[in-house]
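S.K.: based on what follows, work out the 3D shape:
(one chain, ligands or ions: 1)
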Amino acid sequence: STIKIPTLGTFRLFEPLECGFISQTFTISKEGNRWFVSFCIDAERLPVQQSEGSVGIDIGIKSFATLSTQQVFDAPKPLKQAKTKLATLQRKASKQVKGSRNQRKTYNKISQLHARVARIRLDFLHKLTTYLAKTFKLIKIENLNVQGMMANHKLAGAISDLGFYEFKRQLDYKCQMYGASLVLVDQWFPSTKTCSNCGNKKDMPLSVRTFDCPACGISLDRDFNASLNILNWEPSA
Ligand SMILES: [Zn+2]
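M.R.: Below you'll find the model as predicted:
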């Protein structure tokens, strides 16, 4: 589909709109070397009836989100590709003559790629949070805190990288918008170290991908086990 902007002309849209719109006010902006247009429309929000009950979500490093329904959401592939390319360009820039024309060109590419990474990430988070808020009546996530995560460098990098705070922010307002409930699970709750079947606790180093319970013998994917614990968590009185 296309968009017609008075005095500027008609432009092709990257993604088609669901139906035709008329809007009088446009905001045109430029980010990196790309142009964006945003506009407001008057629309009535149709009530959403979530088809599923409760869900527990584990936010992790290997997969961005693991649900107690066994659904897994990974960071989009283009994001990983862009990051690899970013690292290559940064190495390249560091070897080029400082302030040279070529180095400026590389820096320009880097800034465009940064903008692309940000857009892909935001798009991924928006699609995921919309899906969650429209699908589940009750959503439980861990209320990860900054200090606790920053103490663990590996975890800190992965989580800030994928935008946990943006995820939580979007989920919070979309749950309100669509009438779902969001429960923040106590950040000190040992969701990873607890057996979701019998409650037995054991140490779980980051490298261990499976929760093998010595007490009841159950064997579950580490993140799936955590998501079940998050689902079953109840605030203590
Ligand atoms: Zn067990």
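
S.K.: could you use CA atoms for every contact and neighbour count after this?
M.R.: OK.

S.K.: which secondary structure elements does the biggest helix by length in the chain contact?
M.R.: In the chain, with assignment by DSSP state H, the single longest helix is helix 101-135. Using 3 or more CA pairs under 8 Å, 6 or more residues apart in numbering; DSSP states H and E, the elements in contact with helix 101-135 are helix 77-95, helix 164-178.

S.K.: what's in contact with stretch 195-205?
M.R.: For stretch 195-205, contacts defined as CA atoms under 8 Å, 6 or more residues apart in numbering pick out 192, 193, 194, 211, 213, 215, 216, 218, 225, 226, 228, 229.

S.K.: the ion versus the closest residue in space to residue 209 that isn't next to it in sequence, what's the distance?
M.R.: Leaving out its chain neighbours, the residue that sits closest to residue 209 by CA to CA, 6 or more residues apart in numbering is residue 222, at 5.1 Å. Distance of residue 222 to the ion, given as CA to the ion, to the nearest Å: 13 Å.

S.K.: next, residue 222: phi, psi?
M.R.: phi -50, psi -50 (degrees, to the nearest 10).

S.K.: wait, residue 233 sits on residue 185?
M.R.: Yes. Using CA atoms under 8 Å, residue 233 makes contact with residue 185 at a distance of 7.0 Å.

S.K.: now do the contacts for the residue nearest the centre of the chain.
M.R.: In the chain, the centroid-proximal residue (CA atoms, centre = their mean) is residue 125; its distance is 3.7 Å. Applying CA under 8 Å, 6+ apart to residue 125 gives the contacts 166, 167, 170.
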